[in-house]
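Colleague: Below are the sequence and a predicted model; questions follow.
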Amino acid sequence: MSKFWKRLKQVGPGAVVAAAFIGPGTVTTCTVSGASYGYTLLWALLFSTISVIVLQSMASKLGIVKKVGLGEALREKYTGKGARILLAILVIGAVFIGNVAYETGNISGGILGLQAIWPTLGKIPVAIFVFAVAAGLLLSGKYDIVEKVLTALVVLMGVLFLITAIAVQPNWGEVLKGLFVPRVPQMNRAWFYVTGLIGTTVVPYNIYLHASSSAKKWGKEGDKDEALSTSLTDSILSIGLGGIISMCIVITASVAYDGSGTAAIASGKAMAEQLRPILGNWATVAFGIGLFAAGMSSAITAPLAAAFASSGILGWGEDMKKKRFMVIWGIVIVFGLVAVCTLGASPTEIILFAQAANAFLLPITAILLMIVCNDKKYMDGHGNGLVINILGIIVLAVTLLIAFRNMTAFTESFMKLING
C-alpha cells in the first residue's frame, strides 16, 4: 500500500491529459449527447476512456524509455529521406489539421462561456478577444501560471458535474445499461455523436504531449520499471477520473433536458441549466466561467501541441523561442480564429464537428505509436506485450468501424457547417 501512495504522489502527465480532454468540446458534446439520447451512448465514453488509457500508457512508456516524444522517435527510427518525408506529411497533416479543428472548437467554447454570462456579446468580438489573449500569452511565454489557474477552474467545473450527477438521482439501472450495452439509436445523427464522443476524449495531440511530459518527469536515469509502473498508475487514475466526469455530464444532461435534443441547448446559458440542482441561480455564472476557462486553456494548449509534434518530426527541437516554432502555433491559432468568424454555423455545431473530425484523424497517430512501441530493439526491450497490443488493435478496429459507419453523417454535418 505504501508503494501505491508513493506513486499516487507522483501523478502528473496523466492529470494533464485528463484536464486537456475535459475542454469545451467534451462539455458540449457530452451535453448534447445526453440531451438527445439520454444514457444510451455512455458506452462510447467508457470505450473512449479505456482507449485513452491504452494509448497514453504507450506514449508515456515511449517518453520514459527513450526520453523523446513521438515525433522525435519516428525521426530517430526512420532515417531514410523518403520515409521521413512521408512520416512528416502524415504527422503534420493529422496533428495540424486536427489541432486547427480543435482550436476552432476551443475559441467557440470561449464564446459560449462568455455568452452564457453576457448573452448580448457578439460572436466575432469575443472570438477576437480569446485569440488575442491566447496569442499574447503564447508570445510572452508567461502562460504557465495562467494555464494552471484556468485548469483549476476546469477541474472545479468537473467536480460540480460529478456532484450534480449524484444529486439529480438518475435511473442507475439505465445508466449501467448505457455503459455496458452498446447501442446506437436509430435516430438522426446518432452515429455522428458516437464519433464525437470518441474524438473529444481520445485526443491525438495528447499522445505527443504525454510522451514529452513523461520524458521530462520520469525519463531521468533510474529504475525504468518503477517509473513505468508509476506512469501506468498515473494514467489509470487521472484519465479514469476524467472519463467519469465526462460520463457525469451526459448523466446531468439526460436528467435536465429529458431527450429534448440540441434545440434546447443552443447556447451556453441553456447548457448551464444542468447545474441548477446544486447551484441554483449561480449555475449560469459558474458554468460560463468554467466553459470559458476550458476554451481558453485549450486555446493555448492545442497550438503548442501542434508546434511540438511538427517540430519533433522535422528535427527542429523543442525551443519555443525559435521563430519557426512560433510560426507553427501562430498558423493554428489564426486558422482557428478565421474559421470561427467565417463559418455560418453556431458555436455549438462548430464544436461538435471539430470533435468528430478528430476521431477520423486518430487512427493515423495510433498506428504510428503502435509501430514504434512494438519495436523491442528500439524500445530497449520495453516493447508492447501481447495484452496491450490486443487492446490497441481493438481500439483501432472499433474507431475505424465507427468512423466508416459515420461517413454520411459527417459529410452532412460538414455541409451544414459551411452553409450555416
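Modeller: The structure has been received and is ready for your questions.
Colleague: Residue 102: what's it in contact with?
Modeller: 23, 25, 203, 205, 298, 302, 354, 358 (CB atoms under 8 Å, 6 or more residues apart in numbering). Just so you know, the C-beta spots here come from the backbone N, C-alpha and C atoms, and that holds for glycine as well.
Colleague: now, among these, which is nearest to residue 78?
Modeller: Here the nearest of the contacts of residue 102 to residue 78, counting by CB to CB, is residue 205; it sits at 20.8 Å.
Colleague: Just give me the neighbour total for the closest residue to that closest one other than its chain neighbours.
Modeller: Nearest non-adjacent residue to residue 205, counting by CB to CB, 6 or more residues apart in numbering: residue 305, 3.8 Å away. As a burial measure, residue 305 scores 26 neighbours (other CB atoms under 10 Å).
Colleague: same for whichever strand or helix holds residue 32, what does it pack against?
Modeller: Using DSSP states H and E, residue 32 maps to helix 24-37. Judged by 3 or more CB pairs under 8 Å, 6 or more residues apart in numbering; DSSP states H and E, the packing partners of helix 24-37 are helix 81-117, helix 190-201, helix 224-257, helix 268-271, helix 283-314, helix 347-373.
Colleague: Not counting the fourth one itself, show me its contacts.
Modeller: Surrounding helix 268-271, the residues in contact under the criterion CB under 8 Å, 6+ apart are 27-28, 31, 112-116, 119, 264-265, 284, 287-288, 291.
Colleague: got the angle for the helix or strand containing residue 392 vs helix 190-201?
Modeller: Here residue 392 sits within helix 386-405, counting by DSSP H and E. In terms of direction (axes from the mean of the first three to the mean of the last three CA atoms, to 10 degrees), helix 386-405 departs from helix 190-201 by 140 degrees.
Colleague: Return the distance of helix 386-405 from the chain's centre.
Modeller: 18 Å (CA atoms, centre = their mean, to the nearest Å).
Colleague: any idea how far residue 353 lies from residue 195?
Modeller: According to CB to CB, to the nearest Å, residue 353 stands 10 Å off from residue 195.
Colleague: Just want to know which of the two has more residues nearby.
Modeller: In this view residue 353 and residue 195 are compared by other CB under 10 Å, and residue 195 has more residues nearby, 29 against 25.
Colleague: could you measure the more buried one against residue 29, distance?
Modeller: 10 Å.
Colleague: Repeat that for residue 358.
Modeller: In terms of CB to CB, residue 358 sits 11 Å off from residue 29.
Colleague: tilt between the helix holding residue 32 and helix 81-117?
Modeller: Using the same axes, to 10 degrees: helix 24-37 against helix 81-117 is 70 degrees.
Colleague: Return the distance of the helix or strand just after helix 24-37 from the chain's centre.
Modeller: Sequence order places helix 42-66 as the next helix or strand after helix 24-37, per DSSP H and E. Relative to the chain's own centre, helix 42-66 is displaced by 12 Å; criterion: CA atoms, centre = their mean.
Colleague: Do you know the pLDDT at the residue nearest to residue 205?
Modeller: Looking at residue 305, its pLDDT is 82.
Colleague: and it, what does it touch?
Modeller: By CB under 8 Å, 6+ apart, the neighbours of residue 305 are 95, 99, 205-206, 208-209.
Colleague: surely residue 113 meets residue 292?
Modeller: Yes - counting by CB atoms under 8 Å, residue 292 is a contact partner of residue 113 at 3.0 Å.
Colleague: picking that back up, name the pair among the contacts of helix 268-271 with the greatest separation in space.
Modeller: 114 and 264 (20.6 Å).
Colleague: if you count what's nearby, which of those two comes out ahead?
Modeller: Each of residue 114 and residue 264 has its neighbours counted (other CB under 10 Å); residue 114 has more, 22 against 18.
Colleague: Give me the local confidence score for the closest residue to residue 54 other than its chain neighbours.
Modeller: With sequence-adjacent residues excluded and distances taken as CB to CB, 6+ apart, residue 54 is closest to residue 391, at 4.7 Å. Residue 391 is assigned a predicted lDDT (pLDDT) of 93.
Colleague: returning to what we had before: any common contacting residues for residue 358 and residue 29?
Modeller: Joint contacts of residue 358 and residue 29 (CB under 8 Å, 6+ apart) are residue 200.
Colleague: residues near the residue nearest to residue 54, how many?
Modeller: 18.
Colleague: Just confirm it contacts residue 57, I think it does.
Modeller: No - contact between residue 391 and residue 57 fails when scored by CB under 8 Å: they sit 9.5 Å apart.
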